[in-house]
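Undergrad: next one to model:
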Amino acid sequence: MIKLDLINEVVTKTGVTKTKAEMAVETVFESMKKSLAKGDRIELRGFGVFTVRPRKTGIGRNPRTGAEVSIPPGKAVRFKPGKELQSIE
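TA: Numbers count the residues shown, from 1 in each chain. Below is the predicted model of the structure:
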């Protein structure tokens with residue numbers, strides 16, 4: 001599923017115009033990005049939780065040359081699915 005599929009789903013379920021649906025979906029994604037950038041936790045009941053966690057430094061390897069590459073510390077977004085999402089078959 002891509003963003004366009006989500007927009008079409010909003011149009012189908014609500015009957016709003018495609019432009020308004022696109023604006024709504026884009027607004028949701030932008031607000032999620034801003035919250036995660038601030039380090040906030042996003043909890044969507046029945047779906048899951050998005051958190052930002054620090055990533056440690058490490059040593060990786062270049063697959064072509066086999067040379068070691070230093071991986072700098074950073075932050076990574078983690079997703080933990082909710083109970084309803086885990087029980088999907």
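
Undergrad: can you classify the closest residue to Ser70 other than its chain neighbours by secondary structure?
TA: Closest residue in space to Ser70, ignoring its immediate chain neighbours: Ile59 at 6.3 Å, by Cβ to Cβ, 6 or more residues apart in numbering. Any C-beta I mention is one placed from the backbone N, CA and C, and that applies to glycine too. With DSSP: H, G, I helix; E, B strand; the rest coil as the basis, Ile59 sits in strand.

Undergrad: Ile59 and Gly66, how far apart?
TA: 12 Å (Cβ to Cβ, to the nearest Å).

Undergrad: those strands in the protein, which residues are they?
TA: 42-44, 48-55, 58-61, 68-71, 74-81 (DSSP state E).

Undergrad: got those strands as JSON lines, with mean pLDDT columns?
TA: Shown next, in JSON lines, are these (pLDDT from 0 to 100):
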{"stretch": "strand 42-44", "mean pLDDT": "96"}
{"stretch": "strand 48-55", "mean pLDDT": "95"}
{"stretch": "strand 58-61", "mean pLDDT": "92"}
{"stretch": "strand 68-71", "mean pLDDT": "92"}
{"stretch": "strand 74-81", "mean pLDDT": "95"}
